[in-house]
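Visitor: how would this look folded up:
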Amino acid sequence: MTAKSVYPDKSVCLIKEIGDGVIPCAIPYMIHTLSDPKQNAVGNMPLENAGIDVKVGKVVSLDVKTHTVTLESGEVFSYERLVLATGTDTIMPPIPGVDKEGVFTIRKSMSAMTALREIVHKSKRVAIIGGGFIGAEFADELSKASDVEVHLIEIMPKLLYNAFDDEFCDEIAQVLYKLGIKIHTSHSVLSIDGNNSAESVTLDDGKKIPVDMVLVSIGAKPAGKIAEDAGLRIVENGSIWVDEYMRTSTENIFAVGDCAVKRDFFTRKAAPVWLASTATAEARNAGTNIFGIRVLHQIQGTIAAFSTQIGGVSFASAGMTCRTCEKEGFRIVTATAVAPDRHPGMLPGARELKVKLVFADRSGILLGGQVSGGPSVGELINMIALAIQKKVTVRELDMMQIATHPLLTSAPTVHPMIGAAHQALAMMRASVK
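Guide: Numbers count the residues shown, from 1 in each chain. Okay, the predicted model is just below:
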């Protein structure tokens with residue numbers, strides 16, 4: 001879409017393997033929340049209206065010398081510029097029995113998700129392997145059927161361990177507990193048992209959990225095989241190497257999204273952070289610069305901005321957590337503030353809004369933030385994300401001018417974002433006396 005708008009005289013063709021695609025981020029809500037799975041369909045109309053050709057087919061090879069790609073059907077397409085946006089492949093853990101009937105992964109097609117929905121609606125006992133965002137969101141969604149027993153199994157000590165600090169992880173667990181979800185952290189699955197179909201899962205402590213179905217959501221890996229076979233540079237984790245303009249090691253070929261290497265905003269290390277928001281930013285970068293660099297230094301690394309809603313409570317994170325700061329050796333000051341998201345707090349719909357901010361202890365630059373509360377969390381984390389990217393300091397946040405309204409925001413006197421910054425600044429001042 002960006003390439004066509006910036007270079008309207010160019011012919012743009014999108015080749016996609018899945019013809020009946022769905023919006024990936026809303027996949028969990030196709031089970032109960034959406035009355036009809038088709039409400040989550042991804043259509044081609046915006047592309048076609050923009051004058052973009054759409055071809056459904058699987059690309060099986062890339063020839064960088066002849067500037068061609070070949071489809072499984074035998075069709076050959078030539079290119080002047082090529083963008084690889086092949087995404088990720090689902091990881092299936094080496095668990096005995098993982099290939100049994102009744103064991104599912106997330107597939108980004110309408111037919112696959114419609115079939116999964118039908119199976120879920122017939123199941124009374126479900127085990128979910130993986131307590132990241134997808135696992136937690138699916139557990140939340142499945143709990144909307146009151147007669148279903150859901151077990152959420154996570155090998156890490158806490159759910160969403162890589163995205164949040166402990167207090168937010170614990171809050172997420174408490175929300176899921178209240179929904180009736182049975183959580184097994186610090187445990188792995190030794191086997192999926194049964195004859196032909198999954199009948200139970202055995203944990204590493206010997207506990208057996210009877211199941212009707214198992215959902216595996218332990219993560220994914222970059223889908224870079226086509227690029228690797230064509231001789232493009234691949235980095236250690238299987239991602240396609242790109243520079244800051246999304247150019248690969250081969251001239252005239254770009255890569256964007258989950259298949260392209262991600263670098264951490266603060267350390268520049270490769271980071272396995274695969275988000276739609278990051279992918280679309282990269283796509284706009286590549287589309288703008290695909291026939292010559294027009295915009296400089298737009299993406300300087302991923303800040304890993306996440307948001308979710310579980311049990312009606314919103315959670316979001318951006319930048320570094322205290323845990324990652326400790327791991328990477330960053331010296332920090334952190335503060336947390338809590339206030340109602342309306343003022344006064346007795347107004348209908350008021351929710352507790354909690355904001356935690358992490359700052360570098362000398363420069364005072366914002367390194368990260370985590371938020372929980374009502375729907376306003378979704379946009380508040382975006383403000384935090386922008387502040388991180390612009391290297392805003394604790395002093396600037398402490399003096400930030402904001403718009404407030406009783407029905408929309410916390411009171412200006414106790415806004416938790418400013419409150420957390422004010423606390424952190426006070427701690428920094430005290431430490432230099």
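Visitor: Not counting its own residues, what contacts the helix or strand where I172 lies?
Guide: Using DSSP states H and E, I172 falls within helix 166-178. Outside helix 166-178, the residues within contact range by Cβ atoms under 8 Å, 6 or more residues apart in numbering are 136, 139-140, 143, 152, 158-161, 164, 183, 185, 310-311, 313, 315, 317, 323, 336, 356, 370, 372. Heads up, the C-betas are built off the backbone N, CA and C, glycines and all.
Visitor: And it, what's buried?
Guide: F168, C169, E171, I172, A173, V175, L176 (16 or more other Cβ atoms under 10 Å).
Visitor: low-scoring stretches of the stretch 51-200 of the chain, by residue?
Guide: By pLDDT under 70, the stretch 51-200 of the chain has no low-scoring segment.
Visitor: residue boundaries of the helices in it?
Guide: Along the stretch 51-200 of the chain, counting by DSSP state H, counting those that start in this stretch, helices occupy 110-122, 133-142, 166-178.
Visitor: Just put these in JSON lines and tack on distance to G219.
Guide: Shown next, in JSON lines, are the helices of the stretch 51-200 of the chain (distance: least, Cβ to Cβ, whole Å):
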{"stretch": "helix 110-122", "distance to G219": "18"}
{"stretch": "helix 133-142", "distance to G219": "9"}
{"stretch": "helix 166-178", "distance to G219": "17"}
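Visitor: so which of these comes closest to G97?
Guide: helix 110-122 (17.1 Å; Cβ to Cβ).
Visitor: if we can go back for a sec, if any of the contacts of helix 166-178 are buried, put those into a PyMOL selection.
Guide: Only the buried entries of the contacts of helix 166-178 go into this PyMOL selection, using 16+ other Cβ under 10 Å:
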select buried, resi 136+139+140+143+152+158+159+160+161+164+183+185+310+311+313+315+317+336+356+370+372
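Visitor: Does H187 touch H151 like I think?
Guide: No. With contact defined as Cβ atoms under 8 Å, H187 does not reach H151; the gap is 10.1 Å.
Visitor: which ones are touching E80?
Guide: By Cβ under 8 Å, 6+ apart, the contact list for E80 reads K10, H67, N252.
Visitor: which of those tops the neighbour count?
Guide: H67 (16 neighbours; other Cβ atoms under 10 Å).
Visitor: Can you give the domain ranges for the chain?
Guide: 2-87+221-289, 103-218, 306-431 (automatic domain parsing).
Visitor: now the shortest one: how far from the chain's centre is it?
Guide: Counting by Cα atoms, centre = their mean, to the nearest Å, domain 103-218 is centred 18 Å from the centre of its parent chain.
Visitor: before we move on, what about the longest one?
Guide: If you compare the mean C-alpha spot of domain 2-87+221-289 with that of the full chain, they lie 16 Å apart, counting by Cα atoms, centre = their mean.
Visitor: same question, the last one
Guide: The gap between where domain 306-431 is centred and where its chain is centred comes out at 20 Å by Cα atoms, centre = their mean.
Visitor: Let me know the average pLDDT across that domain.
Guide: Mean pLDDT, computed over domain 306-431, is 97.
Visitor: what does the longest helix anywhere in the chain contact?
Guide: The residue-count maximum for a helix in the chain (DSSP state H) belongs to helix 416-431. Contact with helix 416-431 is made by 333-339, 353-357, 359, 361, 364, 380, 383-384, 394-395, 397-398, 400, 402, 410, as judged by Cβ under 8 Å, 6+ apart.
Visitor: Take those residues and keep only those in helices.
Guide: L380, M383, I384, V394, R395, L397, D398.
Visitor: Skipping adjacent residues, who's closest to the first one in space?
Guide: Excluding its sequence neighbours, the residue lying closest to L380 (Cβ to Cβ, 6 or more residues apart in numbering) is V371, at 5.4 Å.
Visitor: Give the full set of residues in contact with the one you found.
Guide: S314, F315, A316, S317, L353, K354, V355, K356, V377, L380, I381, I384.
Visitor: partners of the second one in the sheet?
Guide: Going by DSSP bridges, F315 is paired in beta bridges with T308, S372.
Visitor: follow-up on the earlier one: mind putting the domains of the chain in JSON lines, distance to I95 included?
Guide: What follows is the domains of the chain, written out as JSON lines (distance: least, Cβ to Cβ, whole Å):
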{"stretch": "domain 2-87+221-289", "distance to I95": "17"}
{"stretch": "domain 103-218", "distance to I95": "5"}
{"stretch": "domain 306-431", "distance to I95": "26"}
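Visitor: for those, which one sits closest to L296?
Guide: It is, among the domains of the chain and with distance given as Cβ to Cβ, domain 2-87+221-289, at 8.7 Å.
Visitor: related to what we said a few turns ago, looking at the helices of the stretch 51-200 of the chain, which is nearest to I226?
Guide: Using Cβ to Cβ, the helices of the stretch 51-200 of the chain put helix 110-122 closest to I226, at 21.7 Å.
Visitor: next one: phi and psi at the residue nearest to N237 when sequence neighbours are not counted?
Guide: Excluding the flanking residues, the one nearest N237 by Cβ to Cβ, 6+ apart is A270, at 5.9 Å. Main-chain torsions, A270, degrees, to the nearest 10: phi -60, psi 130.
Visitor: so who does A270 touch?
Guide: A270 is in contact with V235, E236, N237, S239, V261, K262, R263, D264, counting by Cβ under 8 Å, 6+ apart.
Visitor: Just list whatever residues bridge to it.
Guide: Bridge pairing for A270 - DSSP bridges - gives R263.
Visitor: okay, it: pLDDT?
Guide: 90.
Visitor: Tell me, how many residues neighbour E17?
Guide: So E17, with other Cβ under 10 Å, has 15 neighbours.
Visitor: any idea how far it lies from R233?
Guide: Look at E17 and R233: by Cβ to Cβ, to the nearest Å, they are 23 Å apart.
Visitor: how much space between the most centrally placed residue in the chain and D258?
Guide: Nearest to the geometric centre of the chain sits L275, at 4.0 Å (Cα atoms, centre = their mean). Separation of L275 from D258 (Cβ to Cβ) stands at 8 Å.
Visitor: repeat for K225
Guide: K225 is 14 Å from D258, by Cβ to Cβ.
Visitor: more crowded one of those two?
Guide: Neighbour tally, K225 and D258, criterion other Cβ under 10 Å: the higher count belongs to D258, 26 against 14.
Visitor: if I pick that one, what's in contact with it?
Guide: Contacts of D258 (Cβ under 8 Å, 6+ apart): G87, T88, A220, P222, A223, W274, A279.
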